[in-house]
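> Sharing a model that was predicted from the sequence below.
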Amino acid sequence: AAPLGWTTSSWQPTAEFSWSGSVAHRGRHSVRIDAPQPDDAFWSQTVPVQPHSLYRLSGWIRTAGVAHTTEPVDAGANLSFAGTWDHSPGVFGTTRWTMAWVTVNSGDRTELTVAARLGYWAGTTSGTAWFDDLRLERLLPVVPAPSWRILGVVYRNLDFSFPASDG
């Protein structure tokens, strides 16, 4: 069984996904990813969002033997927005429950795909990770910056002069 509305995906076919009833931060269950070889594996769910808003994805991560990588992105176990390069700092090694979070601007999008992830694009890893108590919250609407830029400086007393054009 899996939590309602969540799907799984992995780069390698060897990752195993489970809805663990033996390990939980709070409550009775957490989602688990086991990657015996370097992988980019994740639980994900697509949710509706308001355009031009800041969102924070937060949750708890527990790890067992999560390895660092020599690939360009050393992401470990993380929370991310799938389809973007936005992810939380990685959790590595063997840890107790660790709070993680990542913030993103929704831009023109009306949906975001949140992910509890072991590894990343260009950053596969191995080990085991549990994820629990994930939360997506809207922080603030984002006001688009004006396309023009003007810097005006007003001095009460001027204390300089320009030399004549002949020097």
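Nice, thanks for sending it over. Residues are numbered from 1 along each chain as shown.
> use CA for all of it now, contacts and neighbours both
OK.
> What mean pLDDT does stretch 45-64 get?
Averaging pLDDT along stretch 45-64 gives 96.
> Now do the contacts for the closest residue to Gly123 other than its chain neighbours.
Of all residues beyond its chain neighbours, the one nearest Gly123 is Val73 (4.4 Å), with distances taken as C-alpha to C-alpha, 6 or more residues apart in numbering. If you count contacts by C-alpha atoms under 8 Å, 6 or more residues apart in numbering, Val73 has them with Tyr120, Trp121, Ala122, Gly123.
> In this protein, where is pLDDT below threshold?
Within the chain, the segments meeting pLDDT under 70 span 1, 142-167.
> which residues in the protein form helices?
In chain order, the chain shows no helices, with DSSP state H as the criterion.
> picking up where we left off before, only the buried members of the contacts of Val73: can you turn that into a PyMOL selection?
For selection in PyMOL, the members of the contacts of Val73 meeting the burial criterion (16 or more other C-alpha atoms under 10 Å) are listed in this command:
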select buried, resi 120+121+123
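> Out of the contacts of Val73, the closest to Thr8 would be?
Tyr120 (14.0 Å; C-alpha to C-alpha).
> May I have the beta-bridge partners of the closest residue to Leu134 other than its chain neighbours?
Distances taken as C-alpha to C-alpha, 6+ apart place Gly59 nearest to Leu134, at 4.1 Å, with adjacent residues excluded. Here Gly59 sits in beta bridges with Ala100, going by DSSP bridges.
> want to throw the contacts of Val73 into JSON lines with distance to Trp11?
Formatted as JSON lines, those follow (distance: C-alpha to C-alpha, whole Å):
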{"residue": "Tyr120", "distance to Trp11": "9"}
{"residue": "Trp121", "distance to Trp11": "9"}
{"residue": "Ala122", "distance to Trp11": "11"}
{"residue": "Gly123", "distance to Trp11": "11"}
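> Can you name the residues in contact with the strand ranked longest in the chain?
Ranked by number of residues, the top strand in the chain under DSSP state E is strand 125-141. Applying C-alpha under 8 Å, 6+ apart, the set of residues contacting strand 125-141 from outside is 23-26, 29-40, 52-69, 76-77, 116, 118-119.
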